[in-house]
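# return a 3D structure for these sequence lines:
(chains A and B)
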Amino acid sequence: MKSIHTVKVLMKRELISSLYGPGIYIAIFISFLSSSFILKNYLDSIREDNISISSDPLNYPLFISVIVISFYLAILSAISISRERDQGTLEVLFYGPVSCPSYVLAKYFKDLLLYLVVVGFLFVYFWGVSALTNLGFSYGLVQAAFLSIFSVSCAITFGLFISSFTNRVRSSILYLVGIFLAFLAVQLSHTILLGMPEENMPSALIYLGNTLSIISKGVEWVSPFSYLSRGMDAISLGNPWLYTMNIIYCVIYSAILLVLSTLVLERKGVRG
Amino acid sequence: MRKIISLALPVSLLFFLSSAGWAQAPKMREQLVYGLNVFNGRGYGGGFVPQSEDTIYLIAEKDNAISAHMTLVYFWPITARYMAAWQTLNEEVEGTLEVLKEGKVIKSLKKRDNCLYYPEGYWSETSILYTDEEAIKKFEEYKKAVEKFYKAVSDYYKKMAEYKKKLDKFLEETKKLREAGKKLSPEEVEKMMPKEPKEPEPPGFYVTEPRKDYIVNLPVGTYRIRIRAEDGTIVQDSEKKLVVFTSRRRGGVGYEIIPGNRWTRRESCDDPARIIYAAGKNTLYFRPFHQDEYNELYYNKLEDPQNFGREERWRWVHIKPIKDVLLVFLKEGKLIKKVENLPYYVKQIPGPELGYNIIEYKKEEMPDRRPTFEGYKLDLSPELAKGRYEIKLEKKLEKGKFLEGGTRQIRLVRKENSKYLYPFSIFPLVVGIVVFIGRRIKTR
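Residues are numbered from 1 along each chain as shown, chains lettered A, B, ... in the order given. Alright, predicted model coming up:
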């Protein structure tokens, strides 16, 4: 009961601080700017072709918005623990009734609640876009927005995990960006090699392709962004089973990383 | 620097080796391949299964013709597909085709006569597979029709020669009469003029020459096939997995949409959940079809064994065009207009400028032409209010009754509002500033 109260107090304090800061609004603005760019291109393509057939034309812009916000929240959570450790406030905090699980949970729920605020903004933006352009605000878009809560949860816990074993803000950001770039490099090179005909490929490239295929499969389960892209895929397929399974995977992923973050924090201690 | 060079060298070597590999001529490999003539929901389509494909896909409870050949197979990098050099080597593999289910042979098939019958001519998509005596009978029927046509053509040329002679005589006579000062009325000219013989029409149907194949007709399930040679051994590389499937849903309504401004790039709107977004002045030609829904991977592989697809995805397949309906265009339930199905002809614009006009086909005006397509023409004029519209298919024989699954939503997008999208993105910043000012006032 005491832990729940601690989580609530920590979460409230940090949430208010984040809402009063400019970061979240700038991140939402950048995400909407990216979506507007895609939407404008889409409308231009309809203007050129005079016709476009789609069930959820706003889903891809939403996907881009969520990716931008996820990245921001992942960085925010990646620096959250390391910053307090770096500044020494973490040690001070732990003299009080704060335990490692309650601290990690408070950080997690703060970022998740922050994303729920973002979801509100997303609904306003896409409703406005639909009214402006007459592109359909579909059930698929609501499904995608709901799914995004779970995939963003994966990004937050990933950031927290990185933060739990780093001592400095700079190293947290470097680790996070480095890992994401590595994921991207694996996926990109795998896609390039997949497009090449195996028949005429030298054996070195065939081995590289096979290795990348295995690594890429692993990345699909580790990278938090893969969960969002798989979920969006399930919506476009109209497959409720895949959609539900993806949400369950997100919950399991988040739970595992929360436990790991707590364990690492306990082992590493508040001083690093 | 040394590090960079040591990294760059193997990478560039790797790419050099790979590009050197691409420049080589295709390698031919002798392979046992299966030739297919399979039912695809509306007719029969061919294809071949190279060794790279380990599974053959068929529709359940339908006759499908399968044959085994030894041929040379090569990889064609431009299309990224395996091709068969049939003209260099095409040896039929003899033996019995065994179908196995859970390891047990459930059928041993011998080769049977079969042919394809195209009731609407060779270029139509509809075809029927006939087997055994019926196949021979159908082909004989076609041969007789062709012989009859050739005889009619020969008669036509004779009659045409006679007609030309009569026409010359007629022209001479009329000239003489005119020179003699006699005036002829148009009725008299008509009476005197010889009648041009009518050109005979070729048979409207087409039948392929009977050939011997294994006729496979199985219920839904997963099987294995192999060929047992006459000496009792299994022919090497003849074993394949066989997936026999059926449609998930039947009797849906799908549309093929031909945009007036690019008639060769047709769009499909098969799922009622899909919305048709249109902009500006355009004419759309709607072609409704009855459709069945199949597993995407299975159906794509059925159409061409080297195709790709996803097992968790489903796709609608157009089976038969829907006729005897009217296309009803509505706005918020109110009727705007009803459209008839009409034939259209795509007329190229003569001269150096490229382009075409789609005009209504009228047989009397274009006796030597055939319509390019048939469809329901819908003009989306810029005067139409931007909003939501609907199309439905009304049965001609039952007025007011609409075809189930035929409704589609059309939305005219407000493309002119796209300029407001960027300014609209600023609203989170505005909210942020309001929150910030609110906090400043509060803390004071």
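
# in contact with residue 116, which residues are there?
The chain I'm using is chain A. A:Ile149 (C-beta atoms under 8 Å, 6 or more residues apart in numbering or on different chains). Bear in mind the C-beta positions are built from the backbone N, C-alpha and C, glycine included.

# wait, chain B
B:37, B:44, B:127-130, B:207-208.

# and which of these is nearest B:Glu398?
Nearest to B:Glu398 among the contacts of B:Leu116: B:Ile128, at 30.4 Å, using C-beta to C-beta.

# just checking, the closest one touches B:Pro119?
Yes - between B:Ile128 and B:Pro119 there is a contact under C-beta atoms under 8 Å: 7.0 Å.

# could I get the contacts of B:Leu116 as TSV with distance to B:Ile258 and pLDDT?
Shown next, in TSV, are the contacts of B:Leu116 (distance: C-beta to C-beta, whole Å; pLDDT from 0 to 100):
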residue	distance to B:Ile258	pLDDT
B:Asn37	30	94
B:Tyr44	26	93
B:Ser127	24	90
B:Ile128	28	93
B:Leu129	31	95
B:Tyr130	34	96
B:Val207	31	95
B:Thr208	31	94
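
# hmm, which two among these are most spread apart?
Greatest spatial distance among these (C-beta to C-beta): B:Asn37 and B:Val207, at 13.7 Å.

# the more surrounded of the two?
B:Val207 (25 against 22; other C-beta atoms under 10 Å in any protein chain shown).

# now that one. Nearest residue, chain neighbours left out?
With C-beta to C-beta, 6 or more residues apart in numbering or on different chains as the criterion, B:Val207 has its nearest non-adjacent residue at 3.6 Å, and that residue is B:Tyr142.

# quick check: B:Ile45 vs chain A, distance?
Check again: residue B:45 is Gly, not Ile. 25 Å (C-beta to the nearest C-beta, to the nearest Å).

# A helix includes that residue, no?
No - B:Gly45: not assigned to a helix; according to DSSP: H, G, I helix; E, B strand; the rest coil it is strand.

# just confirm B:Phe373 contacts B:Phe286, I think it does.
No - look at B:Phe373 against B:Phe286 with C-beta under 8 Å: they stay out of range, at 11.0 Å.

# more neighbours: which of those two?
More crowded of B:Phe373 and B:Phe286, by other C-beta under 10 Å: B:Phe286, with 21 against 16.

# check the secondary structure at the more buried one for me.
Assigned state for B:Phe286: strand (three-state reduction, three-state DSSP).

# could you do A:Ser65 as well?
Under three-state DSSP, A:Ser65 falls in the helix class.

# same question for A:Ser82.
A:Ser82 ends up helix, using three-state DSSP.

# before we move on, the earlier item: mind listing which of the contacts of B:Leu116 are in strands?
B:37, B:44, B:128-130, B:207 (DSSP state E).

# now name the helix or strand holding A:Ser35.
helix A:23-49 (DSSP states H and E).

# so where's the chain shaky on pLDDT?
All of this refers to chain A. Applying pLDDT under 70 to chain A picks out residues A:1-2, A:195-200, A:271-272.

# meant chain B actually
B:1-25, B:352-353.

# find the closest residue to chain A in it.
B:Gly432 (2.9 Å; C-beta to the nearest C-beta).

# tell me which element A:Leu105 is part of?
helix A:100-133.

# so how far is that helix from its chain's centroid?
12 Å (C-alpha atoms, centre = their mean, to the nearest Å).

# buried ones in it?
A:100-115, A:118-119, A:121-122, A:125-126, A:128-130, A:132-133 (16 or more other C-beta atoms under 10 Å in any protein chain shown).

# moving C-terminal of it, what's the next helix or strand?
Toward the C-terminus, helix A:100-133 is succeeded by helix A:139-164 as the next helix or strand (DSSP H and E).

# what sits against B:Glu311?
Neighbour list for B:Glu311: B:295-298 [criterion: C-beta under 8 Å, 6+ apart].

# among those, which two are most distant?
Spatial extent of the contacts of B:Glu311 (C-beta to C-beta) is set by the pair B:Glu296 and B:Tyr298 at 7.5 Å.

# any common contacting residues for these two?
Joint contacts of B:Glu296 and B:Tyr298 (C-beta under 8 Å, 6+ apart) are B:309, B:311.

# look at those two and report which has more neighbours.
Using other C-beta under 10 Å, the more surrounded residue of B:Glu296 and B:Tyr298 is B:Tyr298, with 21 against 18.

# how many other residues sit next to B:Tyr223?
A count of nearby residues for B:Tyr223, using other C-beta under 10 Å, gives 21.

# how about the residue nearest to the spatial centre of chain B, nearest residue that isn't a chain neighbour?
Residue closest to the average C-alpha location in chain B (C-alpha atoms, centre = their mean): B:Glu125, at 7.4 Å. Spatial nearest neighbour of B:Glu125, excluding adjacent residues (C-beta to C-beta, 6+ apart): B:Gly43 at 5.0 Å.

# give me the subset of the buried residues of helix A:100-133 that also touch chain B.
Under the cut-off given by C-beta under 8 Å from any C-beta of the partner chain, chain B has A:121, A:125, A:128-129, A:132-133 from those close to it.

# against B:Ala85, how distant is the closest residue to B:Tyr74 other than its chain neighbours?
In this structure, B:Tyr74 finds its nearest non-sequential neighbour in B:Pro26, 3.9 Å apart by C-beta to C-beta, 6+ apart. Applying C-beta to C-beta, to the nearest Å, the value for B:Pro26 to B:Ala85 is 9 Å.

# overlap in contacts of the two?
Residues touching both B:Pro26 and B:Ala85 comprise B:Tyr74, with contact defined as C-beta under 8 Å, 6+ apart.

# can you get me a residue count around residue 239?
Just going to use chain A. By other C-beta under 10 Å, the residues close to A:Asn239 number 16.

# you answered for a different chain; I wanted chain B.
Number of residues near B:Glu239 (other C-beta under 10 Å) recorded here: 15.

# isn't it up against B:Arg224?
Yes - in this structure, B:Glu239 is within contact of B:Arg224 by C-beta under 8 Å, at 6.4 Å.

# up against chain A, what does the stretch 201-350 of chain B have?
B:257, B:259, B:261-262, B:267-269, B:271, B:273-280, B:282, B:284, B:310, B:312-313.

# of those residues, buried ones?
B:257, B:259, B:267-269, B:271, B:274-280, B:282, B:284.

# ok so, going back, so what's the residue nearest to B:Val207 up against?
B:203, B:205-207.

# can I assume B:Glu256 sits in a helix?
No - using three-state DSSP, the assignment for B:Glu256 is strand, not a helix.

# what's the neighbour count on it?
Other residues near B:Glu256 number 18, with proximity taken as other C-beta under 10 Å.

# how about the nearest residue to it, chain neighbours excluded?
B:Glu256's closest residue in space is B:Arg287 (C-beta to C-beta, 6+ apart), at 4.2 Å.

# burial measure for residue 260, as a count.
Going with chain A. Neighbour tally, A:Leu260, other C-beta under 10 Å: 16.

# that's the wrong chain, I wanted chain B
Neighbour count of B:Gly260, defined by other C-beta under 10 Å: 20.

# list the contacts of the closest residue to it other than its chain neighbours.
Once flanking residues are discounted, B:Gly260 sits nearest to B:Thr283: 3.4 Å by C-beta to C-beta, 6+ apart. Contacts of B:Thr283 were listed using C-beta under 8 Å, 6+ apart, and they are B:259-261, B:358, B:377-380.

# re earlier: with neighbour numbers in mind, choose between B:Ile128 and B:Pro119.
Neighbours were counted for B:Ile128 and for B:Pro119 using other C-beta under 10 Å; B:Ile128 has more, 16 against 13.

# give me every residue that touches the more buried one.
By C-beta under 8 Å, 6+ apart, the contact set of B:Ile128 is B:43-44, B:116-117, B:119.

# again, only this time at 7 Å
Applying C-beta atoms under 7 Å, 6 or more residues apart in numbering or on different chains to B:Ile128 gives the contacts B:Tyr117.
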